[in-house]
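*Asks:* okay, predicted coordinates and the sequence, questions at the end:
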Amino acid sequence: MGIIQAVVGLLEVCVETKQRQKEMSFQRGKSALFNQWMVRKLSSQARLKAFFKIILFTWFPCAVSQPKEDLTSAEFAWSALIAELKPMTTLRAQVEQLVLDQDGREVQRLDAELLLSKPHSFSWKIISPYEELTVTDGFTLWRYEADLEQVTITDFNNTDSSRSPLLILNGNTEELANNFLISAQQDHGAGEQLRFTLEPLSNERLFEELVIIFQHGQLASMHLRDSLGQQTLLTFLSSEINIQIDNSNFIFMPGPSIYVLDQRDANHGE
């Protein structure tokens, strides 16, 4: 049965049901007799289809009357987010980033390429309007600024996802409940959109709220809001998941002409 045909058929049954309920003395609770009457009324070819439509109408009325579903349980929202993130081991995506000030005015717009590989490797390469690369293998973080011909090297903290939103996509999903207050909302009328809102519990957080949106089971966008009201909107385009990504993409080897600013711990081994 096609989805469109099922929905149209369901609406037809709903309308006819309400008309017949006014004429019949028994209540909907006596649904067995009502269902038999409906099946006899329809042609034999449509009986099986009608049966499933009636069951759907009787037990799942929210499928018609309530297009939005509030997933108010924090535990349920956490489980739903893990269900979306856990199967993803790698990700490659073209990303459009838009930064807005507290009044909604555009501050910055850029195009970038994102690479992720669990457990903690990622690469964020800004392509335009300037070139910049931030990359980590999970232990060391390199930030290369092409216009300055300079790379800054620091130790990478891979345990606090409230300070690095990309870790939410790439890190240990089991730790999400310890770092965030999570809620979710599903909108059946927006292309099966699933929306997660995460509020960091850490006092040293870099953002106040993060919204992750999945569309048709695919990562669609991320929205960040900081304490000053500035918003960063990331739209994921041409996403590929669970593909082979070479580990060399997560290490930066500076050339002889690049100035190296090493800010790692003095005890850090080379």
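*Replies:* Alright, I've got the coordinates.

*Asks:* Phe76 touches Ala184, doesn't it?
*Replies:* Yes - assessed by CB atoms under 8 Å, Phe76 is found in contact with Ala184 at 7.4 Å. Placement of C-beta: from N, CA and C, glycine included.

*Asks:* neighbour count for those two, which is higher?
*Replies:* Ranked by neighbour count (other CB atoms under 10 Å), Phe76 and Ala184 place Ala184 first, with 23 against 13.

*Asks:* beta partners of the more buried one?
*Replies:* Leu71, Phe196 (DSSP bridges).

*Asks:* read off the pLDDT value for it.
*Replies:* According to the prediction, Ala184 has pLDDT 92.

*Asks:* got it, and the one 10 residues further on?
*Replies:* The model reports Leu194 with a pLDDT of 91.

*Asks:* ok, Pro119 next?
*Replies:* 85.

*Asks:* what does Gly171 give?
*Replies:* 56.

*Asks:* go on, the one 10 residues further on?
*Replies:* At Leu181, the pLDDT value in this model is 89.

*Asks:* the nearest residue to it once chain neighbours are set aside: which element?
*Replies:* Once flanking residues are discounted, Leu181 sits nearest to Glu199: 4.4 Å by CB to CB, 6 or more residues apart in numbering. Using DSSP states H and E, Glu199 sits within strand 193-200.

*Asks:* hmm, back to that, what about the residue nearest to Leu181, how many neighbours?
*Replies:* 15.

*Asks:* what residues are up against it?
*Replies:* Going by CB atoms under 8 Å, 6 or more residues apart in numbering, Glu199 touches 180-182, 208-210.

*Asks:* got the CA positions of stretch 118-138 in CSV?
*Replies:* Extracted C-alpha coordinates of stretch 118-138, given in CSV (Å, rounded to 0.1, in the frame of the first residue of the first chain):
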residue,chain,number,x,y,z
LYS,A,118,35.3,8.0,15.5
PRO,A,119,36.3,8.1,18.2
HIS,A,120,37.8,11.6,18.2
SER,A,121,39.3,12.6,14.8
PHE,A,122,38.0,15.5,12.8
SER,A,123,39.0,18.0,10.1
TRP,A,124,37.3,21.3,9.5
LYS,A,125,38.6,23.0,6.3
ILE,A,126,37.3,26.5,5.5
ILE,A,127,37.4,26.9,1.7
SER,A,128,36.0,30.4,1.2
PRO,A,129,36.0,33.3,1.6
TYR,A,130,39.5,32.5,3.2
GLU,A,131,41.5,29.3,3.8
GLU,A,132,41.9,27.8,7.2
LEU,A,133,42.3,24.3,8.6
THR,A,134,41.5,22.9,12.0
VAL,A,135,42.4,19.2,12.4
THR,A,136,43.0,16.7,15.2
ASP,A,137,43.8,13.0,15.5
GLY,A,138,42.2,13.0,19.0
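
*Asks:* quick one: buried residues of it?
*Replies:* 118, 120-126, 132-138 (16 or more other CB atoms under 10 Å).

*Asks:* repeat for stretch 209-224
*Replies:* Residues of stretch 209-224 classed as buried: 209-215, 219-224 (neighbour count, 16+ other CB under 10 Å).

*Asks:* can I get those in JSON lines including pLDDT?
*Replies:* Below are the buried residues of stretch 209-224 laid out as JSON lines (pLDDT from 0 to 100):
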{"residue": "Glu209", "pLDDT": "92"}
{"residue": "Leu210", "pLDDT": "93"}
{"residue": "Val211", "pLDDT": "95"}
{"residue": "Ile212", "pLDDT": "94"}
{"residue": "Ile213", "pLDDT": "94"}
{"residue": "Phe214", "pLDDT": "93"}
{"residue": "Gln215", "pLDDT": "89"}
{"residue": "Leu219", "pLDDT": "92"}
{"residue": "Ala220", "pLDDT": "94"}
{"residue": "Ser221", "pLDDT": "95"}
{"residue": "Met222", "pLDDT": "95"}
{"residue": "His223", "pLDDT": "95"}
{"residue": "Leu224", "pLDDT": "93"}
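
*Asks:* right, I'll call it a day here.
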